[in-house]
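A.B. asks: Attaching a predicted model along with its sequence, questions to come.
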Amino acid sequence: MAADNTVARAEALLAAGARQEAIALVDGAAAAGNVDALMRLATWRLIGAPVPRDLPLARALLARTVAIGHVDAALMQIALTANGSGGVANWPAALALLRIAARNDPLAAEHLALVGAMDIDTDGMPRNIPEPERLSDAPDLVRYRALLTPQECAHIAGIAADMLEPASVLDPTTGAPIAHPVRTSYGAVIGPAKESLPTRALNHRLAAISGTMIAQGEPLAVLRYTPGQQYRPHLDSIAGAINQRIKTVLVYLNHGFVGGETRFMATGLTIAPQPGDAIVFSNVLENGQPDRSAEHAGLPVTRGAKWLATRWIRATPYDAWNAPRL
Ligand SMILES: O=C(O)CCC(=O)C(=O)O
Ligand SMILES: [Fe+2]
């Protein structure tokens, strides 16, 4: 179907407060097989606005969108299939969909090649976990050298590059976003609809090296620090959290910058980022309470740009679709 302006007209209606008309317009076009309208309906069902969130329905709409031919819809369908959003997590089905998408889409072909190069089983789980190097006992901290290949690092950074935003917090009085007081880097979160199959496999790898279930991980966050930017000393644990951040995995994604070491304040231990290296540390003591000795910082970058992926891991499964505030 030729491109038309149905979705743009619906956006204008939404902006003007005509919600029902906007929905009716897109519904009608989608029923008539308009691929952009179908894609928009699917994303509305994922976002939960201006219609209620319905993940299984979003999946069904995406499947129809893919059948007509829509590259982004295919990659989203693959992500949701692999991570079980709106259904049961099904790696083999996601891989089969990626094989089909890769026939026509160079980006999907790249994802397939990345996954094909990994040492994983038929469920996308790593077959071998390398031996860690212990860096300290208090805090409980280990390092895995070259856990990610340069291609894997570039893949993660590439997904995030399109979504980077300055770190912000909400002003408690006005509710408006203001500069984050502790972290000055730019960042992006690779949420469940953007979790490419290579990212999913890497998240399995990060779960394996941290001895946790993949479902405990918050969506992978990617940070980019340019000169002067830093992550001031902080704890990753959250005071009073019901579902505590028990562990953190940091993966250094690149080289070609100066500064940006990770420092643990209690010991002074300072880690020089090497691309592909991962560190894993515990943010809680054996009794589950926050471990003050896990306080750490990302030192200022003085030249170039530092890219880093962070996986904050909770005590119990974390639902990224219905994330609680703590
Ligand atoms: O940039 C770093 O080295 C530290 C990052 C960090 O502390 C975090 O992501 O929680
Ligand atoms: Fe941190």
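C.D. replies: Looks like it came in fine. Just so we're clear, the structure is a prediction, and the values are computed from it rather than from any experiment. Ligands and ions are numbered 1, 2, ... in the order given.
A.B. asks: I'd like the next helix or strand past the lowest-mean-pLDDT helix or strand in the chain.
C.D. replies: Every helix and strand in the chain was compared by mean pLDDT, DSSP states H and E; the lowest is strand 168-170, with a mean of 81. Of the helices and strands lying after strand 168-170 in sequence (DSSP states H and E), the nearest is strand 177-179.
A.B. asks: elements contacting that following strand?
C.D. replies: Using 3 or more C-beta pairs under 8 Å, 6 or more residues apart in numbering; DSSP states H and E, the elements in contact with strand 177-179 are strand 168-170. (Each C-beta comes from the backbone N, C-alpha and C, glycine too.)
A.B. asks: Name the surrounding residues that touch the strand it packs on.
C.D. replies: A176, P177, I178, A179, H180, P181 (C-beta atoms under 8 Å, 6 or more residues apart in numbering).
A.B. asks: for stretch 18-36, same thing?
C.D. replies: For stretch 18-36, the external contacting residues (C-beta under 8 Å, 6+ apart) are 1, 3-4, 6-7, 9-11, 13-14, 37-38, 40-41, 44, 50-51, 61, 65, 68-70.
A.B. asks: Around P233, how many other residues sit close by?
C.D. replies: 14 (other C-beta atoms under 10 Å).
A.B. asks: any idea how far stretch 128-146 is from the chain center?
C.D. replies: 23 Å (C-alpha atoms, centre = their mean, to the nearest Å).
A.B. asks: what about that stretch, near ligand 1?
C.D. replies: No: Stretch 128-146 stays out of contact with ligand 1 when judged by C-beta under 6 Å from any ligand atom, the minimum separation being 12.2 Å.
A.B. asks: which of the residues in that stretch are buried?
C.D. replies: For stretch 128-146, burial by neighbour count (16 or more other C-beta atoms under 10 Å) applies to P132, L135, P139, D140, L141, V142, R143, Y144.
A.B. asks: Just to check, the second one is in contact with Y144?
C.D. replies: Spelled out, that is L135. No: the pair L135 / Y144 is not scored as a contact, 10.9 Å apart, by C-beta atoms under 8 Å.
A.B. asks: Give me the common contacts of the two.
C.D. replies: What both L135 and Y144 touch, as defined by C-beta under 8 Å, 6+ apart, is the set I279.
A.B. asks: which one of the contacts of strand 168-170 is nearest P317?
C.D. replies: P317 lies nearest to H180 out of these, by C-beta to C-beta, at 26.8 Å.
A.B. asks: For ligand 1, see how far away the closest residue to that closest one other than its chain neighbours is.
C.D. replies: In space, and not counting its chain neighbours, H180 is closest to A167: 3.7 Å by C-beta to C-beta, 6 or more residues apart in numbering. Distance from A167 to ligand 1, counting by C-beta to the nearest ligand atom, to the nearest Å: 10 Å.
A.B. asks: ranges for the helices of the stretch 101-250 of the chain?
C.D. replies: 106-116, 150-161, 197-210 (DSSP state H, counting those that start in this stretch).
A.B. asks: from the chain's centre, how far out does the first one sit?
C.D. replies: For helix 106-116, the separation from the chain centroid amounts to 18 Å (computed by C-alpha atoms, centre = their mean).
A.B. asks: and for it, what are the contacting residues?
C.D. replies: By C-beta under 8 Å, 6+ apart, helix 106-116 touches 71, 74-75, 78, 95, 98-99, 101-102, 124, 151-152, 155, 196-198, 201.
A.B. asks: in stretch 189-199, what counts as buried?
C.D. replies: I190, G191, P192, A193, K194, E195, S196, L197, P198, T199.
A.B. asks: In this structure, which residue is most central in space?
C.D. replies: I190 (2.2 Å; C-alpha atoms, centre = their mean).
A.B. asks: For the closest residue to ligand 1 within the chain, give its distance to V251.
C.D. replies: Of all residues in the chain, G298 sits closest to ligand 1, at 2.4 Å by C-beta to the nearest ligand atom. Distance, G298 to V251, by C-beta to C-beta, to the nearest Å: 13 Å.
A.B. asks: Overlap in contacts, those two.
C.D. replies: Common contacts of G298 and V251, defined by C-beta under 8 Å, 6+ apart, comprise L308.
A.B. asks: which residues does the nearest residue to Y144 once chain neighbours are set aside bridge with?
C.D. replies: Distance criterion C-beta to C-beta, 6+ apart; nearest residue to Y144, sequence neighbours excluded, is A278 at 4.6 Å. Assessed by DSSP bridges, A278 has beta-bridge partners Y144, V251.
A.B. asks: quick one: pLDDT of A278?
C.D. replies: A278 is assigned a predicted lDDT (pLDDT) of 98.
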